[in-house]
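> my questions are about this predicted structure, shown below with the sequence.
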Amino acid sequence: MAPRIIDAIKEDHREIEDYYNKILAATTDKEKTQWQNQFTWELARHSIGEELVVYPVFEKNLPDGKAMADKDRHEHNTVKEKLKKFQNMKPADPAFESTLKSLMADLSQHIKEEESQDLPKLEDAISAAESEKLSKSFGRTKMFVPSRSHPSAPDKPPFETVAGLMAAPLDHLSDLFRSWPGTSGMPNPSTK
Ligand SMILES: [Fe+2]
Ligand SMILES: [Fe+2]
């Protein structure tokens, strides 16, 4: 049985927070870069997955859903701009930690709103079966969306159409050449 969408999203949030803590706790630049790659990979896929699969369902099912989705997209864009800057930084850069912390301050506020307001409202408005279907679709979508940050204007989500996705950068190819935590190499999107 698939988890409900609120639980699938909470699980992602906890992972992203864990990767954030691991970047800060890492003792070598190499290890910092590995967790930086993991953090970027998960946050980019999570954000685009929500934009493609979850926010349209806010709009469809909730009376204030359009305003909620627009607010969330706007907040995503602020975080994506910071992630775009952070994802290419070297740990030796004096602004490495401050850029990450500033990103996380914005992201934590957004995560809190999603978990305490937006998603509970959605769960109230849809059935358990619909929620499980949504979380399956969220998981599948995350497999093929870009895994790096490519912000665009907040009123124009970049990959919301199939055509947009076809034009998406080939992040997964360059992921092959990045450094990842652990010994298993690059994360496998189909297992996450
Ligand atoms: Fe979000
Ligand atoms: Fe989220």
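Received the coordinates, thanks. Numbers count the residues shown, from 1 in each chain. Ligands and ions are numbered 1, 2, ... in the order given.
> can you name the element that comes right after the lowest-mean-pLDDT helix or strand in the chain?
Lowest mean confidence among the helices and strands of the chain (mean pLDDT, DSSP states H and E): helix 162-166, at a mean of 60. Once the chain leaves helix 162-166, the next helix or strand it forms, by DSSP states H and E, is helix 171-175.
> ok, and what's touching that following helix?
37, 41, 44, 146-148, 186, 189 (Cβ atoms under 8 Å, 6 or more residues apart in numbering). Where you see a C-beta, it was placed from the backbone N, CA and C, and this is true even at glycine.
> so which of these belong to helices?
37, 41, 44 (DSSP state H).
> of the residues you listed, grab the buried ones for ChimeraX.
Filtering those down to the buried ones (16 or more other Cβ atoms under 10 Å) takes a single ChimeraX command:
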select :37,41,44
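> pick out whichever of the ones in helices among the contacts of helix 171-175 sits closest to K90.
N37 (12.4 Å; Cβ to Cβ).
> which ones are touching the closest one?
N37 makes contact with 175, 178-180 under the criterion Cβ under 8 Å, 6+ apart.
> please redo it, this time with the cut-off set to 6 Å
178, 180 (Cβ atoms under 6 Å, 6 or more residues apart in numbering).
> equivalent analysis for the one 4 residues further on, please.
Contacts here follow Cβ under 6 Å, 6+ apart; on that basis W41 touches S147.
> count of neighbours near the residue lying closest to A125 once chain neighbours are set aside?
Once flanking residues are discounted, A125 sits nearest to N61: 4.6 Å by Cβ to Cβ, 6 or more residues apart in numbering. Residue neighbour count, defined by other Cβ atoms under 10 Å, stands at 14 for N61.
> any idea how far N61 is from E11?
To E11, N61 is 22 Å away according to Cβ to Cβ, to the nearest Å.
> same thing with E51?
In terms of Cβ to Cβ, E51 sits 18 Å off from E11.
> more neighbours: these two, which one.
Neighbour totals were compared for E51 and E11, and E51 leads with 21 against 12 (other Cβ under 10 Å).
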